[in-house]
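Student: Sequence and predicted structure below; questions after.
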Amino acid sequence: MVGARGFGVDVGGSGIKGALVDLTTGELVEERIKIDTPHPATPEAVAATVTEIVARAGWDGPVGITLPSVVTAGIARTAANIDPSWIGTDARALFAAALGGRGVVVLNDADAAGLAEDRFGAGKDVDGVVVLLTFGTGIGSAILHHGVLLPNTELGHLEVDGKEAEHRAASSIKEDKGLSYKEWAAEVTRVLRRFEDLLWPDLFIAGGGISRKHDKWIPRLENRTPVVPAALLNTAGIVGAALATGNASPNERETGIAP
């Protein structure tokens, strides 16, 4: 962390976005830089794009980077909306080398959004367990307890009444099946009830593009835990990635070890 600022890059299936972030407020210090995700989104191509974004910004400190992937010890274990060649790639070493050997933290994209929402967004005043769920092509998840992240939870793959949760309640299912908001909210309720029976959270935060229309479906939910829409929307990944660099220990920032 340099002067309470950090740099975050959010790697998505359609775009790669980066910006300098004020780590005390969660606000972007400058306008974000966005470049279309290369196709195919191979590790080398994505690393080159991330390097270009950081260079354009003129940033020379540690960099936090999200991936649509399970990330353990800096290694990508899965690949969603990026090239399958990511699986098994040492993403931390790849990005660190591309960025001239500086400190790099790599984390799951939903985890980054959860960190940001818990610190600066819809979960900032909640004392307890906060679960962020991103409803999109699938369901991403992040669990935080008093601001501490449990990484790579992948709740969207939990079986709910014979189907994976995201095969019931991802927003893509609503579109693919032509469900009304009432019909889709019933499926979301079923999934949330299973999650809350396992985790007993104090709050669910609903993210993803469909959260912008939260008034059409959140009031229809019938689970017991409060559900609120995400507040940071398309900046959450960037902010969470930047936060991850500030949360890392001095040794982690030096070596790029993900927290």
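Tutor: In hand now; what should we look at? Residues are numbered from 1 along each chain as shown.

Student: which residues of this structure score low on pLDDT?
Tutor: 1-3, 247-259 (pLDDT under 70).

Student: biggest helix in it, by residue count?
Tutor: Using DSSP state H to define each element, the chain has its longest helix at helix 181-199.

Student: Tell me the first helix or strand C-terminal of it.
Tutor: strand 203-207 (DSSP states H and E).

Student: Could you chop the protein up by domain?
Tutor: 5-111+235-255, 125-231 (automatic domain parsing).

Student: Need the winner for burial among the ones you listed.
Tutor: Counting by mean count of other CB atoms under 10 Å, domain 5-111+235-255 has the highest mean neighbour count of the domains of the chain, with a mean of 20. For the C-beta atoms, the positions are set from N, CA and C on the backbone; glycine is no exception.

Student: returning to what we had before: other SSEs contacting the longest helix of the chain?
Tutor: Counting contacts by 3 or more CB pairs under 8 Å, 6 or more residues apart in numbering; DSSP states H and E, helix 181-199 is packed against strand 129-135, strand 159-160, helix 165-169, helix 171-177, strand 203-207.

Student: between that helix and strand 203-207, how many degrees?
Tutor: On the basis of axes from the mean of the first three to the mean of the last three CA atoms, to 10 degrees, helix 181-199 is oriented at 140 degrees to strand 203-207.

Student: Make residue 1 into 74 and carry on from there
Tutor: Yep, numbering from 74; the last one is helix 254-272 now.

Student: what angle sits between helix 254-272 and strand 202-208?
Tutor: If you take the same axes, to 10 degrees, helix 254-272 sits at 140 degrees to strand 202-208.

Student: want to try CSV for the helices and strands packed on helix 254-272, with distance to residue 319 as columns?
Tutor: Converted to CSV, these look like this (distance: least, CB to CB, whole Å):
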stretch, distance to residue 319
strand 202-208, 19
strand 232-233, 36
helix 238-242, 31
helix 244-250, 31
strand 276-280, 21
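
Student: To residue 262, which of those lies closest?
Tutor: Closest to residue 262 of those, according to CB to CB: helix 238-242, at 8.6 Å.

Student: list the helices and strands the closest one packs on?
Tutor: Using 3+ CB pairs under 8 Å, 6+ apart: helix 238-242 touches strand 212-218, helix 254-272.

Student: and with 10 Å instead?
Tutor: In terms of contacts (3 or more CB pairs under 10 Å, 6 or more residues apart in numbering; DSSP states H and E), helix 238-242 is packed against strand 202-208, strand 212-218, strand 232-233, helix 244-250, helix 254-272.

Student: Name the residues that touch that helix?
Tutor: With contact meaning CB atoms under 10 Å, 6 or more residues apart in numbering, helix 238-242 is reached by 206, 208-214, 227-236, 245-246, 257-265, 267-268.

Student: What separation do you get for the closest residue in space to residue 234 that isn't next to it in sequence and residue 287?
Tutor: Spatial nearest neighbour of residue 234, excluding adjacent residues (CB to CB, 6 or more residues apart in numbering): residue 263 at 6.6 Å. Applying CB to CB, to the nearest Å, the value for residue 263 to residue 287 is 18 Å.

Student: before we move on, what about residue 91?
Tutor: From residue 91 to residue 287 the distance is 27 Å (CB to CB).

Student: cool, residue 123 as well?
Tutor: 31 Å.

Student: Helix, strand or coil: sort out residue 112 for me.
Tutor: Judged by DSSP: H, G, I helix; E, B strand; the rest coil, the three-state class of residue 112 is coil.

Student: Now do the contacts for it.
Tutor: 86-87, 118, 155-156.

Student: Tabulate those (CSV), appending secondary structure and distance to residue 291.
Tutor: Output for those, formatted as CSV (DSSP: H, G, I helix; E, B strand; the rest coil; distance: CB to CB, whole Å):
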residue, secondary structure, distance to residue 291
86, coil, 25
87, coil, 26
118, helix, 38
155, coil, 30
156, coil, 35
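
Student: any chance of those in JSON lines, plus distance to residue 296?
Tutor: Output for the contacts of residue 112, formatted as JSON lines (distance: CB to CB, whole Å):
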{"residue": "86", "distance to residue 296": "29"}
{"residue": "87", "distance to residue 296": "31"}
{"residue": "118", "distance to residue 296": "41"}
{"residue": "155", "distance to residue 296": "32"}
{"residue": "156", "distance to residue 296": "37"}
